[in-house]
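Engineer: Coordinates for the following, if possible.
(one chain, ligands or ions: 1)
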Amino acid sequence: MGENPWQPLLQTFEKLSNCVQTHLSNFIGIKNTPPRSSTTIQNPIISLDSSPPIATNNSSHQKLPLKDKSTGPVTKEDLGRATWTFLHTLAAQYPEKPTRQQKRDVKELMAILSRMYPCRECADHFKEILRSNPAQAGSQEEFSQWLCHVHNTVNRSLGKLVFPCERVDARWGKLECEQKSCDLHGTSIDF
Ligand SMILES: Cc1cc2nc3c(=O)[nH]c(=O)nc-3n(C[C@H](O)[C@H](O)[C@H](O)COP(=O)(O)OP(=O)(O)OC[C@H]3O[C@@H](n4cnc5c(N)ncnc54)[C@H](O)[C@@H]3O)c2cc1C
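Structural biologist: Presented below is the predicted three-dimensional model:
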């Protein structure tokens, strides 16, 4: 049999489609893995067909909304809010009578944050704050009040309003979990 007369046209179209996908992927920040063969594209980012995307294990091949804010870069503010949420929730859930290990964990967590927090300027600033305000976590109240105080120190340096620490329990509570299944459990074993 002779060659399919449409073949060159189809190949050109396929190249064009791959090119558009690559540029679009770069634009919206999705890693576009080149297709292994023309028959393996399951969920292209753009598609001429209007059927819903097929669920696959490879997330880079799933259709994503083009204007999804979560695909953009994380800002210093986003990171700060998420970290404070984590820390204040941890403090709200901290035990009334922590074990020695739990008290050590808090100090270590703060020290690690001051070294590894992914904003250099913030990490250095936090290291300084910790030097004059070492972590205090002898009880739930002590930890959440200490955290409120150091958060206020950061707030002040950024020209933000100071939070009234007597209201910290009203602002931050334990993680919503059924039947206390998220509560921290201490162990008497020291690691
Ligand atoms: C350890 C650490 C160090 C940082 N250092 C810097 C820095 O050096 N430079 C910089 O630009 N950014 C820094 N940030 C980020 C900064 O603190 C803010 O998170 C960011 O500017 C966003 O601010 P925001 O106004 O949305 O509220 P955030 O300060 O993120 O607070 C989130 C929410 O917590 C509540 N809240 C506010 N203050 C308190 C408090 N004292 N106690 C309890 N709850 C409170 C409020 O409801 C607020 O909406 C740091 C973040 C962290 C976690």
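Engineer: Tally up the residues packed near the residue in the chain that the ligand sits nearest to, please.
Structural biologist: Across the chain, the shortest distance to the ligand (C-beta to the nearest ligand atom) belongs to residue 80, at 2.1 Å. For glycine as for every other residue, the C-beta is placed from the backbone atoms N, C-alpha and C. Counted with other C-beta atoms under 10 Å, residues neighbouring residue 80 total 16.
Engineer: and if you look at residue 120?
Structural biologist: For residue 120, the neighbour count with other C-beta under 10 Å is 8.
Engineer: same question, residue 90
Structural biologist: So residue 90, with other C-beta under 10 Å, has 20 neighbours.
Engineer: try residue 107
Structural biologist: Counted with other C-beta under 10 Å, the neighbours of residue 107 add up to 14.
Engineer: Nearest residue to it in space, please, no chain neighbours.
Structural biologist: residue 135 (4.8 Å; C-beta to C-beta, 6 or more residues apart in numbering).
Engineer: Report the secondary structure state of that neighbour.
Structural biologist: Look at residue 135: counting by DSSP: H, G, I helix; E, B strand; the rest coil, its state is coil.
Engineer: That one: what's it in contact with?
Structural biologist: 106, 107, 110, 143, 146 (C-beta atoms under 8 Å, 6 or more residues apart in numbering).
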